[in-house]
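Enquirer: Task: produce atomic coordinates for the following.
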Amino acid sequence: MSQLPRPTVYIETYGCQMNVADSELMYGTLAAQGYEAVDAPEGADVILVNTCAIRDHAEQRVIGRLGELRRHMKADTIMGVTGCMAQRLGPRILEKARHVSLVVGPDGYRALPQLLDGARNGEKGIFTTFDLEEHYEDVTPRRTDPVKAWIPVQRGCDYRCTYCIVPFTRGAERSRALADVVREVRQVVETGTTEIVLLGQTVNSYNDGTHDFADLLRAVGAIDGVRRLRYTSPHPNDFSERVIAAHAEVEAVCEHMHLPMQSGSTRVLKRMLRRYSREEFLACVANLRTVMPSLVLTTDVIVGFPGETDEDFEDTLSAVVEAGFSDAFTFKFSPREGTPATRMPAEETVPDDVASERLQRLIQTVRAQSREQNLALLGSRVEVLIERLARDGALLMGRTRDWKTVLVPGDASLMNTYHTVELTGSTGSTFTGAFVSDAQPVRQPLPMAG
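Expert: Numbers count the residues shown, from 1 in each chain. Model (predicted):
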């Protein structure tokens, strides 16, 4: 007797690396119930859009995308919205997009199979309850990246930055037990993956009640087969002496860090409730570079925060230069409903044309600095891990330990192998390179489930 076809699920992911990891958890949860993952929405039995809420533009993009995806639905396709936007808006999404049947926040993915069963009977499903014990320890993710593994070690955030929606969409901070993280990393390494990325909203504040982030770095870095260890995103306040020392002691820790600054003005940082001054941020950078002199830093910067003056903005530009960032995600302030920044006096609103001009100046400063740094690297030899085919399909894309993107000739058989590469050219943000030694291959990952 022939078997019935397995129901198919397509997940489209927006936002941060935590959302990528959450999509892998959703795939894993549904695979355990007999669902098959597909790479395109056309004809899928279930379409889930995993969302970001950190800026209004991201939410508006998702609302538009929900309309576009409707044309890929069959008569019985179930459409769902998951993630931070789902947590923030809840039933309002069902009002905005009536073809959506499910709205599920980050702590509700375990309920997806039951919610989908209900949707097939015409029930609209909403799960936006916080669960401070939820770490999905018994869920096996369906990993979508064959080269690196995203490992959540902490969820939620106890900071209350006045512009940030994350505490309202991710809940209070909680950390996984170190032993559980180590167990998951060991399982990943056995599949041939050698690069581990530890995830958390303020990942370096990790504390399971017994172990801190320094302990976690040492424990994961000591696992046989872990060749590269990264993490994102840290908070400048949570670099204790122990955590900083671990960077010098754990060989696997890579020489790159994404360290959000947000502003270079102490006055603006205070209004943002970032809990550090300009001087304290730059001291943190200096302390990190003392133990890791080759550290490459990238960052996040917001311009046009309410009350930001020309002098405040100049402080930000000078801090970007002083910190020596190699790249930055740059944004105009985006007010988020429910955050304290929306209640600041209207007369403090920075006009859009002023914020736009500041953003352009900031981008120009970052790009010029990045280009100068990259040109100085031409001719150097670096270790590159080949990650995938480049977009044009003619070259391979790989990354250095310090997160530089390098394009080299070759075919897909070289994916997930390490090579020494000479940097031969740069477009300003991306390098071209040439192999100068034989590959040092690592085991290829096992086929992904689902």
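Enquirer: Let me see the domain layout of this structure.
Expert: 8-127, 145-254, 264-377, 378-441 (automatic domain parsing).
Enquirer: What is the end-to-end distance of the longest one?
Expert: This means domain 8-127. Terminal residues of domain 8-127 are spaced 22 Å apart (C-alpha to C-alpha, to the nearest Å).
Enquirer: State the mean pLDDT of it.
Expert: Confidence for domain 8-127, expressed as mean pLDDT, is 95.
Enquirer: repeat for the second one
Expert: Domain 145-254 shows an average pLDDT of 97 in the prediction.
Enquirer: which residues of the chain fall in helices?
Expert: 17-31, 56-69, 84-89, 91-96, 112-120, 166-170, 178-190, 213-221, 241-249, 266-272, 278-291, 310-323, 352-377 (DSSP state H).
Enquirer: in the last one, what counts as buried?
Expert: This points to helix 352-377. Neighbour counts over helix 352-377 (16 or more other C-beta atoms under 10 Å) mark 354-355, 358-359, 362, 365-366, 369-370, 373-374 as buried. All C-beta spots, glycine's among them, are computed from the backbone N, C-alpha and C.
Enquirer: and Val46, how many residues sit next to it?
Expert: 23 (other C-beta atoms under 10 Å).
Enquirer: what bridges to the closest residue to it other than its chain neighbours?
Expert: Leaving aside its sequence neighbours, Val46 sits nearest to Val9 (C-beta to C-beta, 6 or more residues apart in numbering; 4.2 Å). With DSSP bridges as the criterion, Val9 is bridged to Ala37, Val46.
Enquirer: I figured Val9 hits Tyr27, correct?
Expert: Yes. Assessed by C-beta atoms under 8 Å, Val9 is found in contact with Tyr27 at 7.2 Å.
Enquirer: Quick check: neighbours shared by those two?
Expert: Common neighbours of Val9 and Tyr27 (criterion: C-beta atoms under 8 Å, 6 or more residues apart in numbering): Ala37.
Enquirer: correct me, but Thr51 touches Val62?
Expert: Yes. With contact defined as C-beta under 8 Å, Thr51 reaches Val62; the gap is 5.0 Å.
Enquirer: which residues do these two both contact?
Expert: Between them, Thr51 and Val62 share these contacting residues under C-beta under 8 Å, 6+ apart: 14, 81, 85.
Enquirer: Tell me how far the nearest residue to Ala40 once chain neighbours are set aside lies from Val220.
Expert: Nearest residue to Ala40 in three dimensions, chain neighbours excluded: Tyr10, at 6.5 Å (C-beta to C-beta, 6+ apart). Counting by C-beta to C-beta, to the nearest Å, the gap from Tyr10 to Val220 is 32 Å.
Enquirer: Looking at those two, which is more packed in?
Expert: Val220 (25 against 21).
Enquirer: Show the backbone phi and psi for the nearest residue to Val354 once chain neighbours are set aside.
Expert: Sequence neighbours aside, Gly304 is the residue nearest to Val354 in space, at 7.0 Å (criterion: C-beta to C-beta, 6+ apart). For Gly304, the backbone dihedrals (degrees, to the nearest 10) come out as phi 80, psi 20.
Enquirer: what's the pLDDT at Gly304?
Expert: Looking at Gly304, the pLDDT reads 98.
Enquirer: For it, give me its contacts.
Expert: 332-333, 350, 352, 354-355, 358-359.
Enquirer: what do you get if the cut-off is 7 Å, keeping everything else the same?
Expert: 332-333, 350, 355, 358 (C-beta atoms under 7 Å, 6 or more residues apart in numbering).
Enquirer: do the same with Phe168
Expert: Neighbouring residues of Phe168 by C-beta under 7 Å, 6+ apart: 88, 338.
Enquirer: Relative to Pro340, how far out is it?
Expert: Taking C-beta to C-beta, one finds Phe168 at 11 Å from Pro340.
Enquirer: measure the closest residue to Phe281 other than its chain neighbours to Asp215 for me?
Expert: Leaving aside its sequence neighbours, Phe281 sits nearest to Pro236 (C-beta to C-beta, 6+ apart; 5.2 Å). From Pro236 across to Asp215, the span is 20 Å (C-beta to C-beta).
Enquirer: now swap in Glu311 and tell me
Expert: Going from Glu311 to Asp215 by C-beta to C-beta gives 42 Å.
Enquirer: Counting neighbours around each, name which of those two comes out higher.
Expert: Per other C-beta under 10 Å, whichever of Glu311 and Asp215 has more neighbours is Asp215, with 17 against 9.
Enquirer: which ones are touching the nearest residue to that one once chain neighbours are set aside?
Expert: Sequence neighbours aside, Leu178 is the residue nearest to Asp215 in space, at 6.3 Å (criterion: C-beta to C-beta, 6+ apart). Leu178 is in contact with 208, 211, 215-216, 219, counting by C-beta under 7 Å, 6+ apart.
Enquirer: Of those residues - the most surrounded one?
Expert: Most surrounded of those: other C-beta under 10 Å gives Leu216, at 28 neighbours.
Enquirer: That one touches Val153, doesn't it?
Expert: Yes. Shown here, Leu216 and Val153 form a contact pair, counting by C-beta atoms under 7 Å, at 6.5 Å.
Enquirer: so what sits against both of the two?
Expert: With C-beta under 7 Å, 6+ apart, Leu216 and Val153 have common neighbours 181, 206.
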